[in-house]
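S.K.: My questions concern the predicted model and sequence given below.
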Amino acid sequence: MIEITGLRKAYKDKVVLDGVDLNVAAGTVTALLGPNGAGKTTTVHILSTLVRPDAGTASVNGHDVVRDAASVRDAIGLTGQFSAVDGLLTGEENLLLMARLRHLGAKRARTRTAELLEQFDLVEAARKPISTYSGGMKRRLDLAMTLVTSPSVIFLDEPTTGLDPRSRHTMWDIVRGLVADGTTVLLTTQYLDEADELADRIAVLDNGRIVASGTPDELKRLVPGGHIRLRFADAVSLEAAGGLLTDSTRDDAALTLDVPSDGGVDALRAVLDRLAGARLEVDDLSIHTPDLDDVFFALTGEKK
């Protein structure tokens, strides 16, 4: 649904995109992850025809973003980092305005507005001024306006920035519903848990290049640090287990051993079998695997 090859963009001496390749399958969520200034928003702006690339190609739904920009715009919806709602209008008026701008007839515009108000739980607030809306309500309305023409591809550029946890989860449910109906989503986000929750695939962008891509689980396996933590009842058992599991890291104060592991069932079984063979009992255990924070730090060298 989205194909990018060798995409490049620079502003004077600042190279923002330096040969980006990316493919997004239909009916999936792909998250672009990376530090500020990595090129995420520029990528979205090129794909949505707001910015022209310096080199490379990009197509959306089979249409080139430069040669066939009008067809691309017909196929997409864009929710940017900042709300695009008109604060002087009501929620209903905002949706009607967008519907007419997208050339829906008067009857269809009203029907579609009613459908979206219902879908996004904004019926009670429909005729209230935007100044009375919470941040979460504004973002829901913003996304509803993006969906007026039922686009096949949606670009969400940091859609939940500044929202409280409940509003973020509401937005996640909305995105899941859209994808279940066949919509393709390209998401940029500053929230690593958001990418983990929503994305089928993640592309990590750093200094204008894709430095890694794959499913969330595939990316986590790129980063070392997974381990099984074993806690023992006393120092004698800890000492014996440490002698048996020679690759482990020991914490005498906590009576724990950290044994390197990918967290799989086979690895866990092997460790427990070795301990059982030596008649050593484990008081408690936990499995620790790298998360997207670890991936982010390892691949970009930056902390959020």
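M.R.: The structure has been received and is ready for your questions. Numbering: from 1, shown residues only.

S.K.: Output the lowest mean pLDDT helix or strand found in this structure.
M.R.: helix 292-300 (a mean of 82; mean pLDDT, DSSP states H and E).

S.K.: residues of that one that come out buried?
M.R.: By neighbour count, and taking 16 or more other Cβ atoms under 10 Å as the criterion, the buried residues in helix 292-300 are Leu292, Asp294, Val295, Phe296, Ala298, Leu299, Thr300. For glycine as for every other residue, the C-beta is placed from the backbone atoms N, C-alpha and C.

S.K.: Contacts only, for the residue nearest to Ser131 when sequence neighbours are not counted.
M.R.: Distances taken as Cβ to Cβ, 6 or more residues apart in numbering put Gly87 closest to Ser131, at 6.0 Å, once the chain neighbours are dropped. Gly87 makes contacts with Pro129, Ile130, Ser131, as judged by Cβ atoms under 8 Å, 6 or more residues apart in numbering.

S.K.: Looking at those residues, which are in helices?
M.R.: If you go by DSSP state H, those have nothing in helices.

S.K.: Pull out the buried residues from these.
M.R.: Among those, the ones that count as buried by 16+ other Cβ under 10 Å are Ile130.

S.K.: how about stretch 44-58: buried residues?
M.R.: Neighbour-count burial for stretch 44-58, counted by 16+ other Cβ under 10 Å, picks out Val44, His45, Ile46, Leu47, Ser48, Thr49, Val51, Pro53, Gly56, Ala58.

S.K.: export that stretch as PDB, just CAs?
M.R.: Once side chains and other backbone atoms are set aside, the C-alpha atoms of stretch 44-58 remain, and they are given as PDB (Å, rounded to 0.1, in the frame of the first residue of the first chain):
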ATOM      1  CA  VAL A  44       4.800  11.700   6.400                       C
ATOM      2  CA  HIS A  45       4.800  15.100   4.700                       C
ATOM      3  CA  ILE A  46       6.300  13.600   1.600                       C
ATOM      4  CA  LEU A  47       3.900  10.700   1.500                       C
ATOM      5  CA  SER A  48       0.900  13.100   2.000                       C
ATOM      6  CA  THR A  49       2.200  15.300  -0.900                       C
ATOM      7  CA  LEU A  50       2.900  18.300   1.400                       C
ATOM      8  CA  VAL A  51       6.700  18.200   0.600                       C
ATOM      9  CA  ARG A  52       8.500  17.100  -2.500                       C
ATOM     10  CA  PRO A  53      11.400  14.700  -2.100                       C
ATOM     11  CA  ASP A  54      14.800  15.600  -3.500                       C
ATOM     12  CA  ALA A  55      15.400  12.100  -4.800                       C
ATOM     13  CA  GLY A  56      14.000   8.600  -4.600                       C
ATOM     14  CA  THR A  57      10.400   7.500  -5.200                       C
ATOM     15  CA  ALA A  58       7.300   7.000  -3.000                       C
END
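
S.K.: Need the contact partners of that stretch.
M.R.: Applying Cβ under 8 Å, 6+ apart, the external contacts of stretch 44-58 come out as 2-10, 17, 19-20, 32, 42, 60, 64-66, 69, 72-73, 76, 78, 155, 157, 186, 188.

S.K.: ok so, going back, just the closest of the contacts of Gly87 to Asp196, please.
M.R.: Within the contacts of Gly87, distances to Asp196 taken as Cβ to Cβ reach their minimum at Ile130, with 31.8 Å.

S.K.: so who does the closest one touch?
M.R.: Counting by Cβ under 8 Å, 6+ apart, Ile130 touches Val85, Asp86, Gly87, Leu88, Leu89, Thr90, Gly91, Asn94, Lys138, Leu141.

S.K.: follow-up on the earlier one: tell me which of the contacts of stretch 44-58 fall in strands.
M.R.: Using DSSP state E to define strands, the subset of those located there is 2-10, 17, 19-20, 32, 60, 64, 76, 78, 155, 157, 186, 188.

S.K.: Any of those buried? List them.
M.R.: Buried subset of the ones in strands among the contacts of stretch 44-58 (neighbour count, 16+ other Cβ under 10 Å): 2, 4, 7-9, 17, 20, 32, 60, 76, 78, 155, 157, 186, 188.
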